[in-house]
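**Q** no letters, just coordinates:
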């Protein structure tokens, strides 16, 4: 029951819009929690004096109906009683009458000292029927298309009052033979909002398309609507139409679905196929394209939507992109976690008198003790290491990287190293901890959402120790006579670190936009115990 023009107060209209949406849409769809939320929101907007008594009565009456059907009859009776206090003439609309509702309402009316009336009075100009299908009101101007051909997108256009400041304008629609209602966002088109409902949804079977339009606020509340789920607007879908085909302002009329002749039924009917989609060429809506992206009436590859493309909604930009301030921008995952293994390759420098003098290396005997330097003298022809490359320590690392711009990422590694050498001569043990900070520069356009190969440069610094060993043949000799006294093989250890700086190349192969394998190879300088290493890191990452 709406308030009359003479009795209306400023908040009546908004409260009634919430009530209409709650009962004509959510209640009929059995979304009782959503209906409850909107009706209570209407009461909160009204407060004690913000709405006329008959509007407050309608809100309480509909809460009573909702709670009785929701199997909460005592709460329903309380709201019926409040509705009758605000308006003793309150009735239950005939289309919402059930035996349970009638019983609960009669009990509340009896307590209030009145008798319930069977149904609502017929609508008058002052009290319009709930959900009456209208093509326009003071907030929305919309003219439904009279007809459209089968397998052809249906263009809908509406002008919305600027006073509403909508967050979104949507169309809820149901095709002939369809099982469910669907939702489509309307985009800015000239001075209003427009959408082309997908051509394949229309099928090849003539019948009525049902729909209604809602203007939503920032919290999803309905600010205005034309039509409703209970009383929808309609477009006749026919095999042939008589007049000019409908179109959005400034745009060509939608073309029939490509390959649509083979479709024999609406897509929601059991066993129904879908129309073929274009991989390139012209299009009317996103659903006309295999990529799901129609921009400027041409199908595009959604995986390569260029940054800077004009847009109004995220759907225009394709997967991996969002619409910000009117232009498409890449929207990569911000946090990349992974697990990696690293093998350290160390460059072993050439040296003579390796064990006799301890030059660059420390020699360990078979019993694990260090070989004493300076005695006895060794043969220089034997006690040496030739320049070579050898395997050093192995590491298991947890990885983290975060894109900070379109091509740069900051990150780090922490982990544990295996295969270090024995304690030093001074007694300090091998340092197994690995801590690393890094910066990466990725090549190409939008590398953080692109599948396939993603090459990059990387620079890093941190804390780590890299050890490697090499066997050394030692020939001891008498310093006076030069006679050989003993021959043996020792293990010479090269100890480097525990600080480092590095730089190199890497490659990430993205299996999808948010996961992949990577490998990078760096040149690494160790200090203050000087050394040069080549770490090879292989891992798997996931973007979250």
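**A** Thanks, I have it. No experiment lies behind these values; they were computed from the predicted model shown.
**Q** so which residues of this structure form helices?
**A** Using DSSP state H, the helices of the chain run over 12-21, 32-46, 53-69, 73-86, 99-111, 199-202, 354-357.
**Q** hmm, residue 530 is touching residue 498, no?
**A** No: judged on CB atoms under 8 Å, residue 530 makes no contact with residue 498 at a distance of 11.9 Å. In this view, the C-beta of every residue, glycine as well, is placed from N, C-alpha and C.
**Q** between these two, who's got more neighbours?
**A** residue 498 (18 against 11; other CB atoms under 10 Å).
**Q** how near is the more buried one to residue 526?
**A** 8 Å (CB to CB, to the nearest Å).
**Q** check residue 458 too.
**A** From residue 458 to residue 526 the distance is 17 Å (CB to CB).
**Q** same check, this time on residue 174
**A** Taking CB to CB as the measure, residue 174 falls 69 Å from residue 526.
**Q** comparing these two, which residue is more hemmed in?
**A** Higher neighbour count among residue 174 and residue 526: residue 526, with 23 against 19, using other CB under 10 Å.
**Q** where's the longest strand seen in the chain relative to the chain centroid, distance-wise?
**A** For the chain, the strand that runs over the most residues, judged by DSSP state E, is strand 484-512. Distance of strand 484-512 from its chain centroid, counting by CA atoms, centre = their mean, to the nearest Å, is 42 Å.
**Q** pull out the buried residues from it.
**A** Judged by neighbour count using 16 or more other CB atoms under 10 Å, the buried positions of strand 484-512 are 490-498, 500, 502, 504, 506, 508, 510.
**Q** again, but for stretch 327-338
**A** 328, 329, 330, 331, 332, 333, 336, 338.
**Q** could you export the residues you listed as TSV, including distance to residue 388 and pLDDT?
**A** Shown next, in TSV, are the buried residues of stretch 327-338 (distance: CB to CB, whole Å; pLDDT from 0 to 100):
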residue	distance to residue 388	pLDDT
328	54	72
329	51	71
330	46	71
331	49	77
332	43	82
333	43	88
336	37	95
338	32	97
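**Q** out of those residues, which one sits closest to residue 100?
**A** Among those, residue 331 lies closest to residue 100 (CB to CB), at 49.3 Å.
**Q** what does that closest one show for phi and psi?
**A** Main-chain torsions, residue 331, degrees, to the nearest 10: phi -130, psi 70.
**Q** that one reaches residue 321, doesn't it?
**A** Yes: using CB under 8 Å, residue 331 is in contact with residue 321, at 5.8 Å.
**Q** my read: residue 397 touches residue 433, true?
**A** No: shown here, residue 397 and residue 433 do not form a contact pair, counting by CB under 8 Å, at 11.3 Å.
**Q** so which of those two has more stuff around it?
**A** residue 397 (19 against 13).
**Q** quick one: end-to-end distance for stretch 476-488.
**A** Criterion CA to CA, to the nearest Å; first-to-last residue distance in stretch 476-488 is 9 Å.
**Q** what's the answer for stretch 376-387, then?
**A** For stretch 376-387, the first-to-last residue distance is 25 Å (CA to CA).
**Q** now tell me what touches it from outside.
**A** Identification of contacts with stretch 376-387 by CB atoms under 8 Å, 6 or more residues apart in numbering yields 347-356, 360-361, 470, 472-479, 484-485, 487, 492.
**Q** where in the stretch 101-250 of the chain is pLDDT low?
**A** Residue ranges of the stretch 101-250 of the chain with pLDDT under 70: 113-137.
**Q** what are the boundaries of the strands in it?
**A** Assigned strands in the stretch 101-250 of the chain, in chain order: 140-142, 147-149, 154-160, 168-174, 182-185, 187-189, 192-197, 207-216, 222-226, 233-238 (criterion: DSSP state E, counting those that start in this stretch).
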